[in-house]
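K.L.:
fold the stuff below for me.
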Amino acid sequence: MRRSPSSIARAVALLVAALAMAGCEKVDRTPDYRFRLTVEVETPDGLKSGSSVIEVETDVASEYAIPTPGRVSTNVRGQAAAVDLGDGQVLFAMLRSEISYDWASNIMFMLAPKYSGENAFEARYDAMLNRRSAIRVPRFWRRGLLRGVSAYPMLVTFEDIQDPESAVKVDPDDLAARFGEGVRLKHITVQMTDDPVSTGIERLLPWLDDFRRRNLDGSSSVAADATKDELKYTLSAASFSTEFYR
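P.N.:
Presented below is the predicted three-dimensional model:
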């Protein structure tokens, strides 16, 4: 029995639609995970520490995805880790680094052992998930394209914690320059955890809610001004907590 041109056209249309849907489908081969970011600081008054639990959702597009098969995308929930050093001085380890906004979504995977072969990504991801001990973040990456680049998150403090415009970067190799003699970064660690995602950083920074849609200098520009080094032009509430993206 011969099919009519109209029925063939309908069948072709259905097939094309099915292929398009398959091409746009994302296959989740990568379960969400949480890790604890911990910062320890030596001070004349003893060891001070702060931590934050961060959640990472990773999606890998299928091999038929259009237009980017196999594309890896991530989404992060959490907040900066805060170390209270006393006298109104707080050190924040941000969710980003000096060179990457995606530090928090990549750090655990970057610290996992590398594999080769067809399933190298999945093998490395599994190794990352199965490593439950604390991992010390190296000061610098030692291999590959990032060799010599800082592996640390960006460190930030406020000259006056009540003044959002007073945000400044902190040199991880010289905390004493900002916080006084005898203050030194001991180490930064990350560790897989099942603990709930950290919230509540606004208790330290009560003005955060005023900067949901603007930078700390009060501007609403979404593009960083490359001519200005001051953090107030590039940081917003969402820089300290993903809850302020919502």
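
K.L.:
which parts of the longest strand seen in the chain are buried?
P.N.:
Determined from DSSP state E, the single longest strand within the chain is strand 46-61. The neighbour-count check on strand 46-61 (16 or more other CB atoms under 10 Å) flags 48, 50, 51, 52, 53, 54, 55, 56, 58, 60, 61 as buried. Yep, even glycine has a C-beta here, placed from its N, CA and C like the rest.

K.L.:
and the third one, how close does it get to residue 236?
P.N.:
I take that to be residue 51. 23 Å (CB to CB, to the nearest Å).

K.L.:
same question, the last one
P.N.:
From residue 61 over to residue 236 the distance is 29 Å, taken as CB to CB.

K.L.:
now the fifth one
P.N.:
Residue 53 sits at a distance of 22 Å from residue 236 (criterion: CB to CB).

K.L.:
show me the shaky parts of the chain.
P.N.:
Scanning the chain for pLDDT under 70 picks out 1-28, 63-70, 221-229, 246.

K.L.:
now the helices for it?
P.N.:
For the chain, the helices defined by DSSP state H occupy 5-24, 103-110, 120-130, 176-179.

K.L.:
residue 31 against residue 128, yeah?
P.N.:
No: the criterion here is CB atoms under 8 Å, and residue 31 misses it with residue 128 at 10.8 Å.

K.L.:
compare the two and say which is more crowded by neighbours.
P.N.:
The residue with more neighbours, out of residue 31 and residue 128, is residue 128; 19 against 10, by other CB atoms under 10 Å.

K.L.:
quick check: closest non-adjacent residue to that one.
P.N.:
Nearest residue to residue 128, sequence neighbours excluded (CB to CB, 6 or more residues apart in numbering): residue 112, at 3.8 Å.

K.L.:
kindly report the same for residue 54.
P.N.:
Nearest non-adjacent residue to residue 54 (CB to CB, 6+ apart): residue 78, at 3.4 Å.

K.L.:
and that neighbour, what does it touch?
P.N.:
52, 53, 54, 55, 95, 104, 197, 198, 241, 242 (CB atoms under 8 Å, 6 or more residues apart in numbering).

K.L.:
what's the spacing between it and residue 97?
P.N.:
For residue 78, the distance to residue 97 - CB to CB - is 15 Å.

K.L.:
go on, residue 164?
P.N.:
21 Å.

K.L.:
how far away is the most centrally placed residue in the chain from residue 46?
P.N.:
In the chain, the residue lying closest to the centroid (CA atoms, centre = their mean) is residue 104, at 2.3 Å. According to CB to CB, residue 104 and residue 46 sit 28 Å apart.

K.L.:
same deal with residue 238?
P.N.:
Distance, residue 238 to residue 46, using CB to CB: 33 Å.

K.L.:
same deal with residue 114?
P.N.:
38 Å.

K.L.:
what of residue 213?
P.N.:
In this view, residue 213 and residue 46 are 40 Å apart by CB to CB.

K.L.:
same question for residue 175.
P.N.:
Noted for residue 175: a distance of 15 Å to residue 46, by CB to CB.

K.L.:
now swap in residue 162 and tell me
P.N.:
On the measure of CB to CB, residue 162 and residue 46 end up 26 Å apart.

K.L.:
what does residue 155 give?
P.N.:
Taken as CB to CB, the span from residue 155 to residue 46 is 20 Å.

K.L.:
check contacts around the nearest residue to residue 244 once chain neighbours are set aside.
P.N.:
Excluding the flanking residues, the one nearest residue 244 by CB to CB, 6+ apart is residue 237, at 3.9 Å. Listed by CB under 8 Å, 6+ apart, the contact set of residue 237 reads 208, 209, 210, 211, 212, 244.
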